[in-house]
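I would like the atomic coordinates for the input below:
(one chain, ligands or ions: 1)
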Amino acid sequence: MSNEAGANTSYHQERETANSAPGGCPVNHSWSPLNDDYLAEPYSIAGELRDDTPVFFSETLGYLVVNTMDEIERIFMDHETFASVNVQDPVFPLSDDARHVLAVPDYNPVAVMSNRPEPDHGVIRRHTRGGFSNRRMKILEPYMRQRSHTLIDAMEANGSPLEFVKAFAFPLPGETVFRFIGFPESDDEMLKTWCLERKAFSWGNPTDEEQVRIAEQMVSYWRYCREFTANKRDNRSDDFASELLTALDENPDEMTYNEVESIIYGLSFAGHEAVTSLIGNSLVTLFEHRPAWEAICADPSLIPNAIDEVLRYNSSQISWRRLTTAATSIGGFDVPAGTPIFLNFAAANRESGVFDNPDSFDIYRANANRHISFGKGVHFCLGARLARFETQVVLEVLTDRLPSLRRANDAPLSYFPNITFRGPQTLDVAWD
Ligand code: HEM
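I've put the predicted structure just below:
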């Protein structure tokens, strides 16, 4: 049974961690991923940090920041020394009121995937991976294509110019992951509202009032997932949730029912916002590099590599976290157990030595997929194929139907303040 007695496996934890700099390690007193200049454009700052101090302690964040590809990959591959247990935790302490909301006895999701240690994680992942099959992608493809067309029809009916995130980039990935899981279409609007602010909870710095509101949404969404799973248990259909319940029936000693509920709870967030941002970042970057947009309009076979280049050059996820479980060494510094680590993808994805001309956007780049945006090792993103495929379908349909699509103005883009996820909050587009 994967749920060890006594192990604290709750989904979000607040934990005491040592947050002083390891001896001799450079300390940065001012940088934070939440600084306005970093939120607006992280890459030049991340590049300077990487070149000056490949590993440093961020006083404002209380994390050891690792900026180079070699070290980030080594940390990902050593899951015993560098545990992923903290990846869903709130970065900043929760208010008493938000804690109170989450203390209701029936709010009990457990860590199952990204924040569950081995060996339990490996067992749960094996049963979950089955649901991300080629067959499931093939079933989803006509839905994604038809929905993309419907959303473009609505855009055309509204007329140019128009705000694209609300009109397309936000609804499509949410609806796709809801269909993937098996949630009914009639619940889409309610589900989107509940999931809208989740990134603020674990990766942002929400006010007390916002924390309470998000916590209430999380409890509502968890209750929905429990009811949905209970109904699915008796009414199976051809969807991810049914496959997972069948895996539980066949392997009752390897997963618990509560873990199945928790996988369903976690997937909708994992599968939604990062893809919304990937679609938004793809358009922003391709419009800024117009010949690349024109090239994919003329030859859609270039789209898959262009998507990996967007994931490298302007990723929807620019960091991830780990926590040391034992005394170790990073970048030549002795690091004690209990040190929170911030893996700075924005720095590593633009590292010369890994990528030629790393600051140029090149859809023909031979090693574009060498980026670290989906992580590495035992927790490598389970939805990477879905995220890439979904964005491919979107770009195929958009380039075919609206080849003149472009930004409607050059107003600065705004990015939601958080330490990890990055995509334009709004994007005004125009077409002929
Ligand atoms: C552009 C979109 C996405 C990005 C950038 C992204 C990125 C990531 C990253 C960095 C991790 C952690 C990897 C590690 O710790 O080594 C992760 C894990 C995960 N992702 Fe994604 N993801 C995306 C889309 C999706 C989608 C569409 C789904 C599902 C529908 C998904 C499901 C998951 C799951 C379940 C995990 C945990 C895997 C495990 O711990 O075994 N992701 N993702």
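
dump the residue contacts of E73.
Residues counted as contacts of E73 (C-beta atoms under 8 Å, 6 or more residues apart in numbering) are 372, 376. Glycine gets a C-beta too; all of them are placed from N, C-alpha and C.

Which pLDDT value belongs to it?
pLDDT for E73: 98.

does it sit in a helix or strand, and which one?
helix 69-77 (DSSP states H and E).

Quick one: distance of that helix to the chain centre.
Its chain's C-alpha centre lies 19 Å from the corresponding centre of helix 69-77 when counted by C-alpha atoms, centre = their mean, to the nearest Å.

D428: how many residues sit nearby?
17 (other C-beta atoms under 10 Å).

Quick check: beta-bridge partners of it?
E163 (DSSP bridges).

got a pLDDT number for it?
98.

Surely it and A408 touch.
Yes: look at D428 against A408 with C-beta atoms under 8 Å: they come within range, at 3.9 Å.

Leaving out sequence neighbours, find the closest residue to L151.
Excluding its sequence neighbours, the residue lying closest to L151 (C-beta to C-beta, 6 or more residues apart in numbering) is F168, at 4.8 Å.

An error on my part: the question was meant for E80.
T325 (6.7 Å).

Any figure for the gap between the one you found and D89?
As judged by C-beta to C-beta, to the nearest Å, T325 and D89 stand 15 Å apart.

Which one's more surrounded, the two?
Comparing T325 with D89 by other C-beta under 10 Å, the one with more neighbours is D89, at 21 against 17.

In three-state terms, label the more buried one for me.
Under the three-state scheme (DSSP: H, G, I helix; E, B strand; the rest coil), D89 adopts coil.

i'd like the first residue to be 33 from this point on
Will do, 33 is the new start, and the previous item becomes D121.

which residues sit in contact with it?
44-47, 147, 234, 353 are the contacts of D121 under C-beta under 8 Å, 6+ apart.

if we go to 7 Å?
Residues in contact with D121 (C-beta atoms under 7 Å, 6 or more residues apart in numbering) are 44-47, 234.

Please point out which parts of the lengthiest helix in the chain sit buried.
In terms of residue count, the longest helix belonging to the chain (DSSP state H) is helix 240-266. By 16 or more other C-beta atoms under 10 Å, the buried positions in helix 240-266 come out as 242-247, 249-251, 253-254, 256-258, 260-261, 264.

swap in stretch 139-151?
139, 141-149.

The stretch 33-182 of the chain: strands as residue ranges?
With DSSP state E, counting those that start in this stretch, the ranges of strands along the stretch 33-182 of the chain come out as 59-60, 87-90, 95-98, 114-115.

host element of the residue most central in space within the chain?
The structure's the chain has its C-alpha centroid closest to A306; by C-alpha atoms, centre = their mean the separation is 4.4 Å. Per DSSP H and E, A306 falls inside helix 305-320.

Output the contacting helices and strands for that helix.
For helix 305-320, the elements it packs on are helix 322-330, helix 335-345, helix 416-433, judged by 3 or more C-beta pairs under 7 Å, 6 or more residues apart in numbering; DSSP states H and E.

Quick one, which of those helices gets closest to A189.
Nearest to A189, of all those, is helix 416-433, at 13.3 Å by C-beta to C-beta.

tell me the mean pLDDT over the following helix or strand past the closest one?
Next helix or strand after helix 416-433 toward the C-terminus (DSSP H and E): strand 438-439. Mean pLDDT, computed over strand 438-439, is 98.

cool, and stretch 368-377?
96.

list the contacts for T317?
342, 345-346, 393.
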